[in-house]
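J.: below: sequence and its predicted model.
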2 protein chains.
Amino acid sequence: MEIGKEINSRFKSPQQKVVVNIRFTSNWMSNLQNGFMSKFDLTMPQFNILRILRGANQAINVNTVKERMIEKSPNTTRLMDKLIEKGLINRIRCEKDRRVVYVEISMKGLDVLSEIDKTFDDHSFFINKLNDDEAETLSNLLDKLRD
Amino acid sequence: MEIGKEINSRFKSPQQKVVVNIRFTSNWMSNLQNGFMSKFDLTMPQFNILRILRGANQAINVNTVKERMIEKSPNTTRLMDKLIEKGLINRIRCEKDRRVVYVEISMKGLDVLSEIDKTFDDHSFFINKLNDDEAETLSNLLDKLRD
DNA sequence: CAAATATAGTTACCGTGGTAATATTTACAA
DNA sequence: TTGTAAATATTACCACGGTAACTATATTTG
């Protein structure tokens, strides 16, 4: 569907249209993703933290997790609070530097992830409309826009 | 800056990368926009409602405003609450159908908008890195992705 | 007409993101 | 060494988006 029809408005320029379209598309993706994740009692940000921790293959501190996330800052702590409540990750205080807190994914967390893996795939899940070249072009244009 | 460097991770496919990139870019734009708007004690969603009401050229009901927004639903009411507090819009109950509430932009609201107009432009504000063709291509790819 | 249904708008609840302020702890430098 | 600055994580506060419940009113229908 074309963006101009979905939100009832006209655009003065391709640049203006693309700004709205990016926001609209981002929103559209989030809705799809969250809808999928809700089946596992997770949200996308929570899922992303789990994936980061699995990818780390070891306990890493909160700052490192932050750096690997799209959205930074205090939310990391709060998201991890939720994951701890669900028993999907563990917090470990560092003894050497008592400011530092390490986090690791738990067995239960790994189980949940592997369950999700069976049906979830970032690109095949809902992005099957673009081929490799188109996806590359899109990414490059986004990079250029932010340059 | 290339997306892969900003968030420390690798991507399995162009499709996976583009999903993250869209979200990242959308976020990046929101930050810029909100930073700009804060000078006028407004947020982007509030600004959008003001623009919709100015564009309408008359009092319109809440539902119509909703339809013209990117994000739908109850937030419209809450956003309008804030705008009313600031005296930028007026609420008017419909006498014929007492369920309906009309909203219009106030003089003060128009003043604020015209003040913003002096320096704000959706595309020239921060989107000056893409030419018309590139912006069109980007929009078309986003449309195709959501198809 | 009366009851059921639909519509417009609002409110509640939850989860999120962002800035700034706050310990707490460590590192550094006069 | 001791006072100041920096780093780490957390918390508080505010604004947003989404689903669902709710209120009030209007419409439909039996």
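T.: Thanks, I have it.
J.: show me the shaky parts of chain A.
T.: Across chain A, the ranges flagged by pLDDT under 70 are A:1-10, A:72, A:122-127.
J.: what ranges does it have for its strands?
T.: With DSSP state E as the criterion, chain A has strands at A:60-61, A:89-93, A:101-105.
J.: so the lengthiest helix in chain A, near DNA strand C or not?
T.: Across chain A, the longest stretch assigned as helix under DSSP state H is helix A:14-37. No: contact between helix A:14-37 and DNA strand C is absent, the nearest approach being 8.2 Å (criterion: CB under 7 Å from any atom of the strand). Yep, even glycine has a C-beta here, placed from its N, CA and C like the rest.
J.: same deal with stretch A:67-82?
T.: Yes: counting by CB under 7 Å from any atom of the strand, DNA strand C has neighbours in stretch A:67-82: A:71-75, A:78-79, A:82.
J.: out of the residues you listed, who's nearest DNA strand D?
T.: DNA strand D lies nearest to residue A:74 out of the residues of stretch A:67-82 next to DNA strand C, by CB to the nearest atom of the strand, at 2.7 Å.
J.: quick one: the closest one and residue A:66, what's the gap?
T.: 9 Å (CB to CB, to the nearest Å).
J.: tell me which parts of chain A are close to DNA strand C?
T.: Near DNA strand C, when you scan chain A using CB under 7 Å from any atom of the strand, you find A:43, A:45-46, A:71-75, A:78-79, A:82, A:96-99.
J.: residue A:130: what's it in contact with?
T.: Residue A:130 is in contact with A:138, B:14-15, B:18, B:141, B:144-145, counting by CB atoms under 8 Å, 6 or more residues apart in numbering or on different chains.
J.: how far off centre is stretch A:52-59?
T.: 15 Å (CA atoms, centre = their mean, to the nearest Å).
J.: hey, C-alpha coordinates of that stretch in PDB?
T.: Below are the C-alpha coordinates for stretch A:52-59, written out as PDB (Å, rounded to 0.1, in the frame of the first residue of the first chain):
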ATOM      1  CA  ILE A  52      22.700 -10.000  22.900                       C
ATOM      2  CA  LEU A  53      23.400 -12.000  26.000                       C
ATOM      3  CA  ARG A  54      23.200 -15.300  24.100                       C
ATOM      4  CA  GLY A  55      25.500 -13.900  21.500                       C
ATOM      5  CA  ALA A  56      28.000 -12.700  24.100                       C
ATOM      6  CA  ASN A  57      28.500 -16.300  25.300                       C
ATOM      7  CA  GLN A  58      29.500 -15.100  28.700                       C
ATOM      8  CA  ALA A  59      28.400 -12.700  31.400                       C
END
